[in-house]
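K.L.:
Dropping the sequence and predicted coords here.
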Amino acid sequence: MRINESVLIAAPSETAWNYLADPENYLRFMSGITHWEVVGDRANGLGARYRILVRVGAAEVGGLVEMVEWHRPFDIAWHSVTGVDHRGRWRIREDGKGRSRVEFRFAYGVVGGGPAGIVAELAAVLPMRRQMRRTLSLLKRQVEHEQRRLELERRRAARSASRAEI
Amino acid sequence: MYQMEREGPAAAALRFVRERVSRRLGARLEDRDPDYIREALPILWLLSTFYFRAEVRDLGNVPADRPALLVGNHSGGNVIVDTFIFSLAFSTYFGVERPFHQLAHNLAIAWPLAGEMLRKSGTMSASPGHAEEALASGAPVLVYPGGDWETHRPSWEGSKIDFAGRKGFIRLALRAGVPIVPVVSIGGQETALFLTRGAGLAKALRLDKLARLKVLPISLALPWGLNVGDFAGHWPLPAKVTIEVLPPIDLEREFGPDPDVDEVYRQVTAQMQEALDGLAAERRFPVIG
């Protein structure tokens, strides 16, 4: 099963990328997430590993994931290494006028789960989609806040520079 | 000269049954099948989420990198829904790759189909030897000291911890040098109307001697109506099940190098009772939760 959700963010793709590339931010915007921990020496980038858990229905589902794509500033993708099989992807694209579109793709499934596996996959769509929408809405809020902070910083720096010139 | 004693047909039949049963009970660590567990997760998740509206809290209290003895209160008669819910939660939280074993009554393991499923899920017949072997391999082990005594308690005692004074789990944790992690569950005793354990009846029928059964429970359960023994199980009512994992208890650190088993027993059961009272206070209606 694959679920796609996207959101338009009033910030350039670079800001969205920088926010998504920092593992410390994930607990702030990933809805339903109960655990996000860096495993190993790499905090981010290709090959970085994280232990993640998301509450879905009666269970906290997740496991060890590894970053398998890291194309700045467009794509971040991960695959599960252990735990429940799944893949995820962030697609970040410029949308003009300093805006960006962030797409969250999530695919999961249980090979050999039989009819119950198919029913479970379908039954999990609604709660998963709800979590993903909430995640994107929180991400939008956080990245736009970050963008405002950066602009303020830039204006402050410009003011200081012009004062120094005078 | 050595003379072979001839075996009568009754003795041969008994020996055959004994051999078959002991082979069935001989669950080994390697009988656990992670792929089987992974494939069973969807049906367990569906039942846990939609039928039992289950909630498992604080699984992070189970040590992530060392073995532990998980001690639970046993509920639901012979249809132990909370065990299946906990197994699901454990497997999705830590991954099926992490070994995890449970101990169950010999009779459960000996059933032809259910026994095979239980063995693949990591269940072993209840014995200190099996538990020690699993703990020594580094796996957490879930035990229910209350066993058949507790799981068949009347429904109105559903929020009562009753290990019947069984303290073997404490000696086991001390020998293995592992912490005890209490696991408290509520709702299982509402999957049927359990009326009585039938302890007197079991004694009168010598079931304790013949089959290690100290009870012959009587309940009102689907689809049987009046259910004596619960040997064939029952269809559980959709009772809301809530499970809470309490912080680990390091026996030597908390009770000294040579802990008093009675004191540990009082402390562990008191902590579990307190947590169970908390869960009971959250419930407003039977079954609905």
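P.N.:
Received it, and whenever you're ready, just let me know what you need.
K.L.:
Tell me the spatial nearest neighbour of residue A:113, not counting adjacent residues.
P.N.:
residue B:42 (4.2 Å; CB to CB, 6 or more residues apart in numbering or on different chains). No exception for glycine: its C-beta is placed from N, CA and C like everyone else's.
K.L.:
I'd assumed the one you found was in a strand, is it?
P.N.:
No - assignment of residue B:42 by DSSP: H, G, I helix; E, B strand; the rest coil gives helix, placing it outside any strand.
K.L.:
which residues does it contact?
P.N.:
Contact analysis of residue B:42 by CB atoms under 8 Å, 6 or more residues apart in numbering or on different chains lists A:110, A:113-114, A:116-117, A:119-121.
K.L.:
Would you list the phi and psi of residue A:42?
P.N.:
phi -90, psi 130 (degrees, to the nearest 10).
K.L.:
One more: the one 10 residues further on?
P.N.:
Residue A:52 has phi and psi values of phi -130, psi 150 when expressed as degrees, to the nearest 10.
K.L.:
Would you mind listing what in the stretch 1-150 of chain B touches chain A?
P.N.:
B:35, B:38-39, B:41-43, B:45-46, B:48-50, B:52-56, B:59-60, B:85, B:88-89, B:92-93, B:95-97 (CB under 8 Å from any CB of the partner chain).
K.L.:
OK, contacts around the one residue in the stretch 101-250 of chain B that gets nearest to chain A?
P.N.:
In the stretch 101-250 of chain B, the residue that lies nearest chain A is residue B:241 (8.7 Å; CB to the nearest CB). By CB under 8 Å, 6+ apart, the contact list for residue B:241 reads B:48, B:52-55, B:81-82, B:85, B:185-188.
K.L.:
Using CSV, lay out the residues you listed together with pLDDT and neighbour count.
P.N.:
Shown next, in CSV, are these (pLDDT from 0 to 100; neighbours: other CB atoms under 10 Å in any protein chain shown):
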residue, pLDDT, neighbour count
B:48, 94, 27
B:52, 96, 24
B:53, 95, 17
B:54, 95, 29
B:55, 94, 22
B:81, 91, 24
B:82, 90, 30
B:85, 94, 27
B:185, 96, 30
B:186, 96, 26
B:187, 95, 30
B:188, 93, 27
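K.L.:
Which pair in those residues has the greatest spatial separation?
P.N.:
Within these, two members stand farthest from each other by CB to CB: B:48 and B:186, at 14.7 Å.
K.L.:
hang on, the earlier thing: what residues does the nearest residue to the residue of the stretch 101-250 of chain B closest to chain A once chain neighbours are set aside make contact with?
P.N.:
Nearest non-adjacent residue to residue B:241, counting by CB to CB, 6+ apart: residue B:187, 3.7 Å away. Applying CB under 8 Å, 6+ apart to residue B:187 gives the contacts B:52, B:75, B:81-82, B:158, B:239-242, B:283, B:289.
K.L.:
quick revisit: possible to save the contacts of residue B:42 as CSV with distance to residue A:33 and pLDDT?
P.N.:
Formatted as CSV, the contacts of residue B:42 follow (distance: CB to CB, whole Å; pLDDT from 0 to 100):
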residue, distance to residue A:33, pLDDT
A:110, 21, 77
A:113, 24, 78
A:114, 29, 85
A:116, 26, 88
A:117, 24, 89
A:119, 25, 92
A:120, 20, 91
A:121, 20, 90
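K.L.:
Neighbour-wise, give me the winner out of those residues.
P.N.:
Neighbour counts for these peak at residue A:120, which has 26 neighbours (criterion: other CB atoms under 10 Å in any protein chain shown).
K.L.:
Just the element for that one, please.
P.N.:
Here residue A:120 sits within helix A:114-123, counting by DSSP states H and E.
K.L.:
now swap in residue A:87 and tell me
P.N.:
Here residue A:87, judged by DSSP H and E, is contained in strand A:86-96.
K.L.:
State the next helix or strand along the chain beyond that strand.
P.N.:
Assignment by DSSP H and E places the next element after strand A:86-96 at strand A:99-108.
K.L.:
chain center to stretch B:227-245: distance?
P.N.:
12 Å (CA atoms, centre = their mean, to the nearest Å).
K.L.:
swap that for stretch B:73-80, please
P.N.:
7 Å.
K.L.:
nearest to residue A:19, of the contacts of residue B:187?
P.N.:
The shortest approach to residue A:19 among the contacts of residue B:187 belongs to residue B:242, at 36.4 Å (CB to CB).
K.L.:
What's the first helix or strand after the strand or helix carrying residue B:109?
P.N.:
Assessed by DSSP H and E, residue B:109 sits inside helix B:106-110. Next along the chain after helix B:106-110, taking DSSP H and E as the criterion, comes helix B:112-120.
K.L.:
So what's the residue count around residue B:31?
P.N.:
16.
K.L.:
how about it, what does it touch?
P.N.:
By CB under 8 Å, 6+ apart, the residues touching residue B:31 are B:119-120, B:122.
K.L.:
Ok, residue B:97 next?
P.N.:
A:82-83, B:34 are the contacts of residue B:97 under CB under 8 Å, 6+ apart.
K.L.:
Can you select the buried ones among the residues you listed for me in PyMOL?
P.N.:
In PyMOL, this line selects whichever of those come out buried by 16 or more other CB atoms under 10 Å in any protein chain shown:
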select buried, (chain A and resi 82+83) or (chain B and resi 34)
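K.L.:
Reformat the contacts of residue B:97 as JSON lines; add pLDDT and distance to residue B:13.
P.N.:
Output for the contacts of residue B:97, formatted as JSON lines (pLDDT from 0 to 100; distance: CB to CB, whole Å):
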{"residue": "A:82", "pLDDT": "91", "distance to residue B:13": "48"}
{"residue": "A:83", "pLDDT": "87", "distance to residue B:13": "48"}
{"residue": "B:34", "pLDDT": "93", "distance to residue B:13": "38"}
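K.L.:
No further queries at this time; thank you.
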